[in-house]
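can you look at this prediction? I've put the sequence above it.
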Amino acid sequence: MQALVSLEGYDPVLRVYLERQRWPTVMEALLTGLAAMTPQDPWGFVCEKLRYLIEEHPSDLHWCMFVDSSLQPKGHVLQKGWMADLMGGEDMPTEEMFERAFIFRKKKLCRWCLDAWVVFHGMERTEREEFQRKTQVASHHHTSSMMAKVFNKWHCHSSTRAQKRSEASRKLCSVLNTYIIRAVLGSWVEDYREMRRARVWFEHGGSKSEGEKGKDWCWPEGEDHLSLLPREVALKIFMCAGVLALCRCAQVCRSWKDLTEEPQLWNKVDFYSLSYRVTDRVMLSLFQKYRPLLGHLNLRASNALSPESLKYIGQCHNLQDLNLSECQNLTDTVMENIARGCSGLLYLNLSFTNVTNSTIRILTKYCANLHYCSLAYCTGFNSKGLHPITTGNGCRKLVYLDLSGCTQLDSEATHSLGKGCPILNTLLLNDIPELSDSMILSLAAHCHTLRHISFMGGTTLSDHTFKRLAMANKKLKTIKIENNPCISDATLKYLSVCKDLQHIYLAGCIRLSEHGLKFLGTLKKLQVLNLSDCSRVSDTGIRYLLEGSQLKELNLTNCIKISDVTLLRMTQCNQKLTYINLCYCEHISDAGVDLLAHLPSLVSLDITGCNVSDMGVASLKNNPRFLHLVVAEVTEVTDNGLQKMLSTLDQLESLDISDCEAVTDTGLQSVAYHCHMLRILLMANLPKVTDNSIKYVTQGCTYLSQIDISGCNVTDKSVQSLRKGCTYLKKVGATCCANITREAVLKLQKKPVRSLITQTDLNTWSKTWKASQQRASPQSYQLCICIYHFHHFIDLIFYFWPVYLLSLLSPCHPVYCFK
């Protein structure tokens, strides 16, 4: 009964219904039905009636609703207090209490359900959020994976397409270039053949010979212009070329190869410009082929050669001139092998090497005929090493000796030199700060044949030393002294007894004045004089000098007392001046520069830092023979003055306009327009100069070998223009150029230098030209013309002939056989 009352175990729907209805009335109706009806299955009866209540939900409940009408009692079956008896207590709760209890229980059940629902809903929401998060992560991962796969496929596809595109572009460019080259060369060959046919037609009176009928003409082997010259003339032309040019000429054709293998072309070999290429293999090949013919060999700075290769020089028994300067692998053992095999050496240069006393002893023993020797900056020997010169055969025929930078020398060493070299003609003792009077006096006591001496860097020599030296060697021709504060005008007085003096270098001797220059005015043969940094020299001293001598070169750098009066004297007294240096002479003005422009022989002028304006610079156009001009640090010079100056200077080879801040692109354009032969252009610190001017310069001055654009407002475009336009460029200055990148500089450094002809070759051509003018022979004149243009001819052949050979080697031209 308690379980019935507490509703435990009931169906939830039934429980809800009973909770909503009056529970005591329902209980009374069930008990009355059980008592009146007395069913056999009471529990089934109760369940049936309760199911009825659940399904029908009757709204009118009374105590006899479950009793049949035939058995329905007349009054209540249950007495009062039946609920108390049923519950087993006397204090039976009232219906109001039951109702309140049901309401309380209902609320409590509602609260339990609500709490359970909240917990369940929270767990469900958490699971749902976790599921959404995992779904998003999975979706993102899937999307990323798919994108990565797609990107990888796209990247592979793009890379393949780019490679194919670049390869196709390269092939197309190659085909196009080949087609253009073949078309150009084909047209050129056809034109030349037509010219040849016309010439043959005229030579045969308008008809072809039998051998040429039906056959097209081509340039046979050995019938080019150079091969058709007399062999002696062609060899003289090839003798003016360097080693690299000869090697390139040997690759042109067989006739040229035969000419380049002539023994007389390999009598003189100069590897200095190719020192980085000279290896043991090259030397071995040279010695095997031309060993008996070598007479002059220059291996300066050939540090790639091993001592074993240098020993092969001893097998050149006819060698007379050998230059091993700056060869760090040279040892005493190597020198002994060379001296034993080359006993006929006349010229030997061992400067900047590691030779010791043993080398000098070997030279005095085996090289008795040595005339010229240079041991400059060799610190491995000492004074005792020079002692063998005075004993035995020694070096009695030595006429030239260079001991510059040998700071280990003392009086004993100079005494040995003076006693062992009786016919010494030239002595160089530069850069020896410890050079003293006693050393020079011991030398002058025994040596009376000196003609050229140089003591540059000897700052302690006095007037007495030069007096003894001049008295003992009155036929001096050259003397060089630098930065010596001890000598005075008395030295110039003593030197005036040497009437053959031609070259005097007195830079930095601050005690010299116009009184000393008065003595130099008596030297009629004086041609070169350097008085730079002699601040006490004035116009009066230069007047004495110009009145008595015929100077050709005069250097007055930083002589601040020099004015336009000196320049007037130059134009009046000396018409042979070719070189004048007036750097930082503050009193030089436009009028003085105008006077200099009328000197007929002047080819070089330096007016750096002078007080000159556009008017003075423009007056230089009156001398079209200028080859070298320095107008640096002249702040008043503008584009107008520069244009007027350069209008007639078409032969100018060197120009310096650094620190002329008023110069702009317009001035540089005039340089490019007028100075086509320019080789050196220095234009540092010109802030108004841009890439446009550099472009003009590279197009107009194609022979530039050196240029300085430091401090200019230029970018990589200027470097690119220099790399493409100046084929002879060797040196570029580009400091303080913030807009120039490292990549552009590296590309410029990798640029091949088109330099087939060296300065030595040019000097040789110049001497040949002068000799031809003296002989006045038509054949010599033609030869010198060929030599003068030879380097352009070699460049043309080197750059265009190989392509032409490839076209000639095709099956259409079987006649040609080139190597």
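It's in.

all strands of the stretch 401-550 of the chain, in order?
All strands of the stretch 401-550 of the chain, identified by DSSP state E, counting those that start in this stretch, fall at 426-428, 452-456, 478-482, 503-507, 528-530.

and Val32, how far is that from Trp43?
Check again: residue 32 is Thr, not Val. Distance from Thr32 to Trp43, counting by Cβ to Cβ, to the nearest Å: 17 Å. Placement of C-beta: from N, CA and C, glycine included.

more crowded one of the two?
Under the criterion of other Cβ atoms under 10 Å, the comparison of Thr32 against Trp43 puts Thr32 first, with 21 against 9.

secondary structure element for that one, which one?
helix 23-37 (DSSP states H and E).

show me what that helix is packed up against.
helix 2-6, helix 42-56, helix 82-87, helix 95-203 (3 or more Cβ pairs under 8 Å, 6 or more residues apart in numbering; DSSP states H and E).

sorry, back to before: redo the strands of the stretch 401-550 of the chain as a markdown table? Include mean pLDDT, mean neighbour count and distance to Glu56.
Shown next, in a markdown table, are the strands of the stretch 401-550 of the chain (pLDDT from 0 to 100; neighbours: other Cβ atoms under 10 Å; distance: least, Cβ to Cβ, whole Å):
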| stretch | mean pLDDT | mean neighbour count | distance to Glu56 |
| --- | --- | --- | --- |
| strand 426-428 | 92 | 20 | 143 |
| strand 452-456 | 91 | 21 | 140 |
| strand 478-482 | 92 | 21 | 140 |
| strand 503-507 | 92 | 21 | 140 |
| strand 528-530 | 92 | 20 | 142 |
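
just put the ones you listed in CSV and tack on distance to Asp650.
Below are the strands of the stretch 401-550 of the chain laid out as CSV (distance: least, Cβ to Cβ, whole Å):
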stretch, distance to Asp650
strand 426-428, 39
strand 452-456, 37
strand 478-482, 35
strand 503-507, 32
strand 528-530, 28
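
low-confidence stretches in the chain?
1-24, 57, 59, 74-95, 197-223, 392-394, 750-819 (pLDDT under 70).

that older thread, switch the helices and strands packed on helix 23-37 over to CSV; also include distance to Cys316.
Compiled in CSV, these are given as follows (distance: least, Cβ to Cβ, whole Å):
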stretch, distance to Cys316
helix 2-6, 135
helix 42-56, 135
helix 82-87, 145
helix 95-203, 44
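
can you say which of those is nearest to Gly418?
helix 95-203 (68.1 Å; Cβ to Cβ).

pretty sure Asn329 is touching Pro307, no?
Yes. Between Asn329 and Pro307 there is a contact under Cβ atoms under 8 Å: 5.3 Å.

so for the two, which sits in the more crowded spot?
A count of neighbours by other Cβ under 10 Å puts Asn329 above the other of Asn329 and Pro307, at 17 against 13.

hang on, the earlier thing: closest to Leu71 out of the helices and strands packed on helix 23-37?
Across the helices and strands packed on helix 23-37, Leu71 has its closest neighbour in helix 42-56 (13.4 Å, Cβ to Cβ).

what's the closest one packed up against?
Using 3+ Cβ pairs under 8 Å, 6+ apart, helix 42-56 sits against helix 12-20, helix 23-37.

list the buried residues of it.
Using 16 or more other Cβ atoms under 10 Å as the test for burial, helix 42-56 gives 45-46, 49-50, 53-54.

next one: stretch 282-290
So for stretch 282-290, counting by 16+ other Cβ under 10 Å, buried means 282-283, 286-287, 290.

could I get it in PDB with only the CA atoms?
Once non-C-alpha atoms are left out, stretch 282-290 reads as follows in PDB (Å, rounded to 0.1, in the frame of the first residue of the first chain):
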ATOM      1  CA  VAL A 282     103.800  27.000 -71.100                       C
ATOM      2  CA  MET A 283     107.500  27.500 -70.100                       C
ATOM      3  CA  LEU A 284     108.400  23.900 -70.900                       C
ATOM      4  CA  SER A 285     106.800  24.200 -74.400                       C
ATOM      5  CA  LEU A 286     108.600  27.500 -75.000                       C
ATOM      6  CA  PHE A 287     112.000  26.200 -74.000                       C
ATOM      7  CA  GLN A 288     111.600  23.000 -76.000                       C
ATOM      8  CA  LYS A 289     110.800  24.900 -79.200                       C
ATOM      9  CA  TYR A 290     112.700  28.200 -79.000                       C
END
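
name the residues that touch it?
263, 266, 269, 294, 305, 309, 312-313, 315-316 (Cβ atoms under 8 Å, 6 or more residues apart in numbering).

with stretch 724-740 instead?
So stretch 724-740 is in contact with 679, 682, 684, 695, 698-699, 701-716, 718-719, 722-723, 745, 748, 751, 753-755, going by Cβ under 8 Å, 6+ apart.

hmm, try it at 6 Å
698-699, 703-711, 715, 719, 753-754 (Cβ atoms under 6 Å, 6 or more residues apart in numbering).

who's in contact with Thr608?
With Cβ under 6 Å, 6+ apart, Thr608 has these contacts: 583, 630, 632-633.

make it 10 Å
557, 581-585, 630-634, 656, 658-659 (Cβ atoms under 10 Å, 6 or more residues apart in numbering).

and it, helix, strand or coil?
coil (DSSP: H, G, I helix; E, B strand; the rest coil).

now do the strands in the stretch 651-800 of the chain.
Under DSSP E, counting those that start in this stretch, the stretch 651-800 of the chain gives strands at 654-656, 680-682, 706-708, 731-733.

list the buried residues in the last one.
Using 16+ other Cβ under 10 Å as the burial criterion, the residues of strand 731-733 that qualify are 732-733.

ok, it: who's next to it in the sheet?
strand 706-708 (parallel) (DSSP bridges).

chain center to the partner strand: distance?
13 Å (Cα atoms, centre = their mean, to the nearest Å).

run through who's touching it.
Outside strand 706-708, the residues that reach it (Cβ under 10 Å, 6+ apart) are 654, 656, 658, 678-685, 694, 697-698, 701, 718, 722, 726, 728-735.

now with 7 Å?
658, 680-684, 722, 730-733 (Cβ atoms under 7 Å, 6 or more residues apart in numbering).

just stretch 452-459 next, same as before
Outside stretch 452-459, the residues that reach it (Cβ under 7 Å, 6+ apart) are 425-433, 435, 461, 476-485.

ok and the helix holding Thr32 relative to helix 95-203, angle-wise?
Here helix 23-37 points in a direction 120 degrees away from that of helix 95-203 (axes from the mean of the first three to the mean of the last three Cα atoms, to 10 degrees).

helix 23-37: which residues count as buried?
Buried-residue list, helix 23-37, by 16+ other Cβ under 10 Å: 23-24, 26-34, 36.

before we move on, what about stretch 567-576?
For stretch 567-576, by 16+ other Cβ under 10 Å, it's 567-571, 573-574.

and it, how far out from the chain middle?
46 Å.

make 22 the first number, not 1, from now on.
Taking 22 as the first residue, the last one we looked at is stretch 588-597.

ok, Cys416 - contacts?
So Cys416 contacts 384-385, 391, 410, 441-442 (Cβ under 7 Å, 6+ apart).

ok so, going back, the helix holding Thr53 to helix 63-77, inter-axis angle?
Using the same axes, to 10 degrees: helix 44-58 against helix 63-77 is 130 degrees.

just the CA trace of helix 44-58, in CSV.
C-alpha atoms of helix 44-58 as CSV (Å, rounded to 0.1, in the frame of the first residue of the first chain):
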residue,chain,number,x,y,z
TRP,A,44,-5.0,11.3,-5.3
PRO,A,45,-7.2,10.5,-2.2
THR,A,46,-10.4,10.4,-4.4
VAL,A,47,-8.7,8.0,-6.8
MET,A,48,-7.7,5.8,-3.9
GLU,A,49,-11.1,5.9,-2.4
ALA,A,50,-12.7,5.0,-5.7
LEU,A,51,-10.3,2.0,-6.2
LEU,A,52,-10.8,0.7,-2.7
THR,A,53,-14.6,1.0,-3.0
GLY,A,54,-14.5,-0.9,-6.3
LEU,A,55,-12.4,-3.7,-4.7
ALA,A,56,-14.7,-4.0,-1.7
ALA,A,57,-18.0,-4.0,-3.8
MET,A,58,-16.9,-6.0,-6.8
